[in-house]
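J.: Predicted model and sequence follow; I will ask about them next.
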Amino acid sequence: MQVGKRIFLKRELPDKEIVEGYKDLPTSNIADCMNRRGAMATRIKLMSSPTKEMCGPAFTVHNRPGDNLTIYAALKYCHEGDVIVIDNEGDNTRAVIGEVMMTWLRDQRHVAGVVVDGPMRDIDSLRNWDLPIYAVSTSPNGPYKEGPGEINIPVSCGEVSVNPGDLIVGDADGVVKVAREKTTELLPKVQAFHQEDDRKTESFHNGTGNIDWLDEELKNKDYKIIDDIYRP
């Protein structure tokens, strides 16, 4: 077996009920419950107009920079509900996916979303799609189809290491990864955090919230409160 040209068909996947539990949970709450970590770099932005957040197991693709032969292989082997996570090795010179491939992923494979650490194209059409699509940028330059590349191996996407089967969640704020083996234990923590976050928001809205903790925190951090104007 030649390293660099491998397609692994099987993954360890999170429980479907657990995946369902993460749907509609904000990525910010998920990241906060992981010590404010796990979010992909801010260069990876939402490019389409989905009506619900992206949530599903990672189907990983590591392609040669600017080449999409292996991404085409992903079209054949991915499954309904997958999130296609594409490691383009930081290349930003040419689009590796566009409307034709996205149409297959949406209409034939029914994937949960696509995350590309690189450029895409056909944005005039795709920006209106309900399918969650995340990418770094757009470019009219097309890709090559030479390989090599690999499927369902560990990849790096937006400075985050993603293993096949990790849970990928995306909303308007960005994309976050939850390691597959942590999904079950983390879920109730995120759900509780989300409920408390909603309670805080409502209390700030109706005026019953407070920040009484702030004075003590500033004092502990050695802030100085000066009842005067600034003078150089």
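T.: Yep, that arrived. Numbers count the residues shown, from 1 in each chain.
J.: Identify the residues contacting Thr51.
T.: Contacts here follow C-beta atoms under 8 Å, 6 or more residues apart in numbering; on that basis Thr51 touches Asp130. In this view, the C-beta of every residue, glycine as well, is placed from N, C-alpha and C.
J.: Buried residues in the lengthiest helix in the chain, which are they?
T.: For the chain, the helix that runs over the most residues, judged by DSSP state H, is helix 183-206. Neighbour-count burial for helix 183-206, counted by 16 or more other C-beta atoms under 10 Å, picks out Thr183, Leu186, Leu187, Val190, Phe193, His194.
J.: do stretch 118-134 as well
T.: So for stretch 118-134, counting by 16+ other C-beta under 10 Å, buried means Gly118, Pro119, Met120, Arg121, Asp122, Ile123, Leu126, Trp129, Leu131, Pro132, Ile133, Tyr134.
J.: quick one: contacts for the residue minimising distance to the centre of the chain?
T.: Centroid-nearest residue in the chain, with C-alpha atoms, centre = their mean: Val175, separated by 2.4 Å. Counting by C-beta under 8 Å, 6+ apart, Val175 touches Thr27, Ala39, Met40, Ile44, Met54, Val115, Tyr134, Gly158, Ile168, Val169.
J.: so of the residues you listed, which ones are in strands?
T.: If you go by DSSP state E, the contacts of Val175 have Met54, Val115, Tyr134, Ile168, Val169 in strands.
J.: Those residues, buried ones only, as a ChimeraX selection?
T.: Applied in ChimeraX, the following selects the buried portion of these according to 16+ other C-beta under 10 Å:
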select :54,115,134,168,169
